[in-house]
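**Q** sequence first, then the predicted structure:
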Amino acid sequence: MNVSSIIQKIWNYCTVLRDDGLSYGDYLEQLTYLLFIKMADEYSKPPYNRETNIPEKYNWKSLTKISGSDLEVHYVDLLLNLGKAKGILGQIFTKSQNRIQDPAKLYKLIQMIDSEEWVIMGADVKGDIYEGLLEKNAEDTKSGAGQYFTPRALIKAMVECIRPEPMNTIADPACGTGGFFLGAYDFIANNYKLDKQEKEFLKKHTFAGNEIVANTRRLALMNLFLHNIGDLTGDSVIFPQDALIADSGQRFDYVLANPPFGKRSSMTFTNDDGDQEKEDLTYNRQDFWTTTSNKQLNFVQHIKTILKTTGKAAIVIPDNVLFEGGAGEIIRKKLLETTDLHTILRLPTGIFYANGVKANVIFLDNKPAAKEPWTKEIWFYDYRTNIHHTKKKDPLRFEHLKDFIQCYNPTNPHKREETYSEINLDGRWRKFTYNEIVSRDKTSLDIFWLKDKSLTDLENLPEPDLLASEIIENLEAALADMRKLADIL
């Protein structure tokens, strides 16, 4: 059976289970469990003969030889016991539950997976199938999974600019479903002729991430495994700990990240009257420049800490990180002084699955301690003004960001030329000096110079459906802010 037929078969069965009330997330979760056991079974046989650490009682054969209520009981027992295992096996099955209440449909799903030889498929084929499911899950706004899924076109553009090299380490302290790792893996595998040692390092030692949500971490581990990153019996490269709690002491060559969109970290506790309350969570770390409950500002500080002095980072951040006073101003000034924060990409709305997000990508090179600020100038690319995207009709594609990559000039970033000038007022690529930046109120990096044509030229208004989408996004973003305010109050 060809690849498209396999993908279609998997999608079709997902639709059947959705009729029973399963979300894409539930389906993806069960598919992950069963695929992992099936592939482990294939690896345990010739020519691989690998040790899988899965007890015979809970192997793939144990699932295929029974049906009905016996299958349901055994599957629940299997999930419970594999969740106690060590390494990647235990991480995949942590807190696992059976969501398929109809044993006949569980049996059919097992038979469907059993009918294919998964290991012999190319990593790109298996990856395409799983990535498609992840994206479909992200589109399901009710599940909230979109916050863990960064548009792959944006990831590819960020990786193209950073250009990671073999035998270097790459971290993502809030890795979601692992998109940045896959983007970096593909770039290294496709742009370098790797020897045996480099291939081994890329597979087992390049990546390290954190993801505190158990189900999302499970999806990330499976995503990496299907793309040939990691090993059946090896240690997990994605850790369940909150990366912000403490400095692990590890230092990395690259950090690629899109930290959670939520503005504040909070914790729930029970007061003396027995009622549950929330309070802002702050991280008192000596390596941080300032203490704040703003989650994104803390991630920026953490990323600075975990970079080697020669390290590079590309970080997706919301607008407030660019202009917020107090802790925000302190952190921006420190970044300009201690790193070369050389590039900011302003992103349009309508590209993320979480609605109303106004985001940017900051690119910085870490530096050793020095008396003078390392940042001499910042190059801005405005890909927001007069840009309109929607996730369905006109989604962000890699081609949309090619002009930015060309302006960024990854192979020779010191040879850049502005496209904005007195002659070309529509140029999207413009630089500002360090002195110009620090003279701005609160050292704000929230800079625009292009005219919004929709405000002055009615003929350039977006199509009605685009306008409607933007209005909906803004309303949903406002509602989300009001809910956060209500939680605080």
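**A** Nice, I can see it.
**Q** the domain parsing of this structure - what is it?
**A** 3-129, 132-488 (automatic domain parsing).
**Q** name the SS class of residue 342, please.
**A** Of the three states, residue 342 takes strand under DSSP: H, G, I helix; E, B strand; the rest coil.
**Q** residue contacts, it?
**A** Listed by C-beta atoms under 8 Å, 6 or more residues apart in numbering, the contact set of residue 342 reads 363-365, 375, 377-379, 413. For the C-beta atoms, the positions are set from N, CA and C on the backbone; glycine is no exception.
**Q** ok, and the closest non-adjacent residue to residue 36?
**A** residue 92 (5.4 Å; C-beta to C-beta, 6 or more residues apart in numbering).
**Q** then residue 228?
**A** Nearest one to residue 228, counting by C-beta to C-beta, 6+ apart, is residue 123 at 4.3 Å.
**Q** what do you get for residue 112?
**A** Nearest to residue 112 is residue 13, by C-beta to C-beta, 6+ apart, at 6.1 Å.
**Q** distance between the host helix or strand of that neighbour and the chain's centre?
**A** Counting by DSSP states H and E, the element that carries residue 13 is helix 3-18. Its chain's C-alpha centre and that of helix 3-18 lie 25 Å apart, by C-alpha atoms, centre = their mean, to the nearest Å.
**Q** can you give me the strands for the stretch 201-350 of the chain?
**A** 207-210, 238-239, 252-257, 266-270, 276-280, 307-318, 339-346 (DSSP state E, counting those that start in this stretch).
**Q** packing partners for the second one?
**A** Put plainly, it is strand 238-239. strand 207-210, helix 214-226 (3 or more C-beta pairs under 8 Å, 6 or more residues apart in numbering; DSSP states H and E).
**Q** give me the contact list for it.
**A** With contacts defined as C-beta under 8 Å, 6+ apart, strand 238-239 is touched by 91, 175, 178, 208-211, 217, 220-221, 224.
**Q** circling back: now the residue nearest to residue 112: how far from residue 100?
**A** Distance of residue 13 to residue 100, computed by C-beta to C-beta, to the nearest Å: 11 Å.
**Q** please say which of these two ends up with more neighbours.
**A** residue 100 (21 against 17; other C-beta atoms under 10 Å).
**Q** looking at residue 398 now. What's its pLDDT?
**A** Looking at residue 398, its pLDDT reads 96.
**Q** what's the span of stretch 387-402, first residue to last?
**A** 15 Å (C-alpha to C-alpha, to the nearest Å).
**Q** buried set for that stretch?
**A** For stretch 387-402, the neighbour count (16 or more other C-beta atoms under 10 Å) marks 387-391, 394, 396, 400-401 as buried.
**Q** closest to residue 307 among the residues you listed?
**A** Nearest to residue 307, judged by C-beta to C-beta, of those is residue 401 at 23.8 Å.
**Q** which SS class is the spatially closest residue to residue 227 that is not a sequence neighbour?
**A** Excluding its sequence neighbours, the residue lying closest to residue 227 (C-beta to C-beta, 6+ apart) is residue 127, at 4.6 Å. Under three-state DSSP, the three-state class of residue 127 is helix.
**Q** list the residues that contact residue 127.
**A** Counting by C-beta under 8 Å, 6+ apart, residue 127 touches 182, 223, 226-227.
**Q** neighbours around residue 215, how many?
**A** Residue 215 - counted by other C-beta under 10 Å - has 20 other residues nearby.
**Q** sorry, wrong one. I was asking about residue 36.
**A** Applying other C-beta under 10 Å, we find 25 other residues in the vicinity of residue 36.
**Q** give me the distance between residue 399 and residue 127.
**A** Residue 399 is 21 Å from residue 127, by C-beta to C-beta.
**Q** OK, contacts around residue 366?
**A** 304, 307-313, 338-339.
**Q** identify the bridge partners of it.
**A** Using DSSP bridges, the beta-bridge partners of residue 366 come out as residue 339.
**Q** now it: how far from residue 124?
**A** Distance from residue 366 to residue 124, by C-beta to C-beta: 33 Å.
**Q** kindly report the same for residue 200.
**A** Applying C-beta to C-beta to residue 200 and residue 124 gives a distance of 20 Å.
**Q** can you check residue 93 too?
**A** In this view, residue 93 and residue 124 are 26 Å apart by C-beta to C-beta.
**Q** of these two, who's got more company?
**A** residue 93 (22 against 14).
**Q** for the more buried one, give me its contacts.
**A** 33, 79, 82-83, 85, 218.
**Q** most neighbours, which of these?
**A** residue 218 (24 neighbours).
**Q** can you map out the helices along the stretch 51-200 of the chain?
**A** Using DSSP state H, counting those that start in this stretch, the helices of the stretch 51-200 of the chain run over 60-64, 68-82, 87-92, 103-114, 123-139, 152-162, 179-191, 196-204.
**Q** buried residues of the second one, list them for me.
**A** Taking 16+ other C-beta under 10 Å as the neighbour-count basis, helix 68-82 is seen to contain the buried residues 71-72, 74-75, 78-79, 82.
**Q** got it, and the fifth one?
**A** Within helix 123-139, the residues scored as buried using 16+ other C-beta under 10 Å are 123, 125-131, 133-138.
**Q** could I get it in PDB with only the CA atoms?
**A** Below are the C-alpha coordinates for helix 123-139, written out as PDB (Å, rounded to 0.1, in the frame of the first residue of the first chain):
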ATOM      1  CA  ALA A 123      11.400   8.100   8.700                       C
ATOM      2  CA  ASP A 124      10.000  10.900   6.500                       C
ATOM      3  CA  VAL A 125       7.000   8.700   5.700                       C
ATOM      4  CA  LYS A 126       6.200   7.800   9.300                       C
ATOM      5  CA  GLY A 127       6.900  11.400  10.300                       C
ATOM      6  CA  ASP A 128       4.600  12.800   7.700                       C
ATOM      7  CA  ILE A 129       1.800  10.600   9.000                       C
ATOM      8  CA  TYR A 130       2.300  11.600  12.600                       C
ATOM      9  CA  GLU A 131       3.000  15.300  11.900                       C
ATOM     10  CA  GLY A 132      -0.300  15.400  10.000                       C
ATOM     11  CA  LEU A 133      -2.200  14.000  13.000                       C
ATOM     12  CA  LEU A 134      -0.400  16.500  15.300                       C
ATOM     13  CA  GLU A 135      -1.400  19.400  13.100                       C
ATOM     14  CA  LYS A 136      -5.000  18.200  12.900                       C
ATOM     15  CA  ASN A 137      -5.000  18.000  16.700                       C
ATOM     16  CA  ALA A 138      -3.700  21.500  16.900                       C
ATOM     17  CA  GLU A 139      -6.500  22.700  14.700                       C
END
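**Q** where does the stretch 301-450 of the chain have low pLDDT?
**A** Across the stretch 301-450 of the chain, the ranges flagged by pLDDT under 70 are 354-356.
**Q** now with 90, please.
**A** 349-358, 388-395 (pLDDT under 90).
**Q** make JSON lines out of the helices and strands packed on strand 238-239 and add mean pLDDT and distance to residue 147.
**A** Shown next, in JSON lines, are those (pLDDT from 0 to 100; distance: least, C-beta to C-beta, whole Å):
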{"stretch": "strand 207-210", "mean pLDDT": "97", "distance to residue 147": "15"}
{"stretch": "helix 214-226", "mean pLDDT": "90", "distance to residue 147": "9"}
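**Q** now do the contacts for residue 327.
**A** Residues near residue 327 by C-beta under 8 Å, 6+ apart: 290-292, 294, 297.
**Q** distance of it relative to residue 290?
**A** Distance, residue 327 to residue 290, by C-beta to C-beta: 5 Å.
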